[in-house]
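> Could you look at this predicted model? Sequence included:
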Amino acid sequence: MTHLLLVEDNEVNRDMLSRRLARRGFTVSTAENGLEAIETALTGRPDLVLMDLSLPVLDGWEATRRLKAEAATAGIPVIALTANATTEDRESALRAGCDAFETKPIDMERLLVRINSLIAAGGGT
């Protein structure tokens, strides 16, 4: 079963999206900030990370940079999730190491296609 790490500081968004993903057959772990995301990824080794970019403690850009710099987590695909849909935001996320970029509100079908294509490409651990 595919293991996803959902990093989202908004409790309502985190709960709603994690339940929707679980109903689609994914195992979902969650983190509320960037530091917690790094710790959870190192210990739980998810197949893919869904990373909100605007996070407390450590933002999603820096958390992604650190995940990609760590040998144990460098190969885990990261999908940026953000309400900021500008070209600059997308480019910043990709420069930080995100493998894909999705905007909020989440288009669930498009997100599932993106998750499955990144997993199928062998980017997960």
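Cool, got the structure. Note that this is a predicted model, so its numbers are computed, not measured.
> Output the lowest mean pLDDT helix or strand found in this structure.
helix 87-96 (a mean of 91; mean pLDDT, DSSP states H and E).
> Buried residues, that helix. List them.
Buried positions in helix 87-96, judged by neighbour count with 16 or more other C-beta atoms under 10 Å: Asp89, Arg90, Ser92, Ala93, Ala96. Quick note: C-beta positions are derived from backbone N, CA and C, even for glycine.
> hang on, Val28 packs against Asp15?
No - shown here, Val28 and Asp15 do not form a contact pair, counting by C-beta atoms under 8 Å, at 10.5 Å.
> Please identify which of these two sits among more neighbours.
Using other C-beta atoms under 10 Å, the more surrounded residue of Val28 and Asp15 is Val28, with 19 against 13.
> which residue packs closest to Glu70, ignoring adjacent ones?
Nearest residue to Glu70, sequence neighbours excluded (C-beta to C-beta, 6 or more residues apart in numbering): Leu42, at 7.1 Å.
> can you confirm that neighbour is in a helix?
Yes - judged by DSSP: H, G, I helix; E, B strand; the rest coil, Leu42 forms part of a helix.
> which intervals of this structure have sub-threshold pLDDT?
Applying pLDDT under 70 to the chain flags residues 123-125.
> Would you indicate which residues of the one helix or strand Val113 maps to are buried?
Using DSSP states H and E, the element containing Val113 is helix 108-120. Residues of helix 108-120 classed as buried under the neighbour-count rule (16+ other C-beta under 10 Å) are Leu111, Arg114, Ile115, Leu118, Ile119.
> same check, this time on stretch 50-61
Buried, per 16+ other C-beta under 10 Å, within stretch 50-61: Leu50, Met51, Asp52, Leu53, Leu55, Leu58, Asp59, Gly60, Trp61.
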